[in-house]
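>>> when you get a sec, could you give me coordinates for this:
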Amino acid sequence: MTRTVNFGLWYDFRNPSSARRNNEHLYEETLAQILWAETLGFDSVWLTEHHFCDDGYTPSPLLIAAAIGARCERLRIGTNLMLLPVADPVRLAEDSATLAILTQGRFDLGVGLGYRQIEFDYFGRKLKHRPSLMEEGVEIIRRAWSGEPVHFEGKRFSIDGLRVTPVATKPPRLLMGGMSEPAIQRAARLGDGFLSTGGIGHDIYAAALQKEGKEGRIFAGNWGIIAEDPEAEAAKIGEHVLYQINEYVSWGAFGPPEQTPRFPDATSALRDGLYELWDAEQAIAALTVMLREYPQIEDVHFWAQFPGEPVESGSTRIEYIATKVLPEVRKAIE
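Model (predicted):
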């Protein structure tokens, strides 16, 4: 039986002050890049969410998803990921069902816990309530997508007979992300798939699936930097990579910010962060090993470009991946 794995691109639409551009131009060029990537053979596009960031990190991924859906005919569109604990789960169910309708079932909703205090403060939620907000939110979204009246009484939400429309013929798959063991186990227990970051947690998820007696899916967010000359590419984009990882560190993505040191330079970020520097041969070998080891992987997606990097710079890597890497990986896993 032939195995099919989707390959995609991951976007955050960041526009840091060091390379400040006209946002209208940035969005226009990025959407054009996504449409072009579809013609190169990419299968998916993934959007992520944060709020109140100086660099404009995507606060409205579902709006962008609708724009992509209107332009592209084949790409699956997903979120990796949205912050369910700060959302209204009913409104999120409405919006994502509408997207599934507009894209003829090509939309997947990926959610995660979040970790930035400012986001929880503004949206009136508490960080310590994240697990219950997540679990109740997932249950409410699933019931809302059914088209049946929602009756729910929990710690965080109370809904008495609300019927949520429109109902999608092909509702989204509800994917769950995380890097901690409890979050990954929760994805195995409650989700339709696991959104991984940099390969973290594949083993935990596979073991949790076995314990639950379930089959699962992994949608792997890959931090590989793939170019003909990886070292030259690293020198060219190092400042953008350093900015990306240090912003995540400062927000608490990898632990309490006061206990997690920032990377002092691009060399250390590339060496000790989630990144991999690969040429085509190295990428083919590494991706093939990962896909063979974890048959649950259904999608692998790469950062299209790094914060502040020109769109055309990312496009060079995209074309290299499409022409030199993906055909060989697809043949290797047939």
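>>> isn't W223 up against L277?
No. Counting by CB atoms under 8 Å, W223 does not reach L277; the two are 10.3 Å apart. C-beta here means a position set from N, CA and C on the backbone, and glycine is covered the same way.
>>> so what's the residue count around Q296?
18 (other CB atoms under 10 Å).
>>> kindly report the same for G178.
When neighbours are counted by other CB under 10 Å, G178 registers 25.
>>> equivalent analysis for R106, please.
Neighbour count of R106, defined by other CB under 10 Å: 21.
>>> now do K155
Neighbour tally, K155, other CB under 10 Å: 10.
>>> ok, it - contacts?
Each residue near K155 by CB atoms under 8 Å, 6 or more residues apart in numbering is listed here: H129, S132, E136.
>>> S44 too?
N6, F7, G8, L9, L75, R76, I77, G78, D299, H301.
>>> what's the distance between it and R262?
As judged by CB to CB, to the nearest Å, S44 and R262 stand 31 Å apart.
>>> returning to that earlier point: would TSV of the contacts of K155 with distance to L113 and neighbour count be doable?
Output for those, formatted as TSV (distance: CB to CB, whole Å; neighbours: other CB atoms under 10 Å):
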residue	distance to L113	neighbour count
H129	10	14
S132	11	15
E136	13	22
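>>> give me the neighbour count for the nearest residue to V311 once chain neighbours are set aside.
Computed as CB to CB, 6 or more residues apart in numbering, the closest residue to V311 that is not its neighbour in sequence is E29, at 4.5 Å. Residues near E29, counting by other CB under 10 Å, number 16.
>>> when you give positions from now on, start the count at 830
Let's use 830 as the start, then, which means that last one is E858.
>>> which pLDDT value belongs to E858?
E858 is assigned a pLDDT of 98 by the prediction.
>>> element containing it, please.
Using DSSP states H and E, E858 falls within helix 852-869.
>>> beyond that helix, next helix or strand please.
strand 873-876.
>>> got the CA coordinates for that next one in CSV?
Below are the C-alpha coordinates for strand 873-876, written out as CSV (Å, rounded to 0.1, in the frame of the first residue of the first chain):
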residue,chain,number,x,y,z
SER,A,873,-0.6,22.2,2.9
VAL,A,874,-0.2,25.5,4.5
TRP,A,875,-0.3,26.2,8.3
LEU,A,876,-1.0,29.4,10.3
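>>> pairing partners for it, with directions?
Using DSSP bridges, the strands paired with strand 873-876 are strand 835-840 (parallel), strand 905-908 (parallel).
>>> out of those strands, deepest packed?
Ranked by mean neighbour count, these are led by strand 905-908 with a mean of 26 (mean count of other CB atoms under 10 Å).
>>> ok, residues contacting that one?
Here strand 905-908 makes contact (CB under 8 Å, 6+ apart) with 835, 837, 872-878, 890-891, 894, 897-898, 928, 932, 935-940, 1004, 1048, 1128.
>>> so where is this protein shaky, pLDDT-wise?
830 (pLDDT under 70).
>>> which residues of it fall in helices?
852-869, 890-900, 918-931, 946-951, 959-974, 1010-1019, 1031-1041, 1059-1080, 1095-1101, 1109-1122, 1140-1149, 1155-1161 (DSSP state H).
>>> pull out the buried positions in the second one.
Using 16 or more other CB atoms under 10 Å as the test for burial, helix 890-900 gives P890, L891, I893, A894, A895, I897, G898.
>>> tell me which residues are up against it.
By CB under 8 Å, 6+ apart, helix 890-900 touches 840, 842, 856, 860, 863-864, 874, 876-878, 887, 904, 906, 908, 911, 924-925, 928, 931-932, 935-936.
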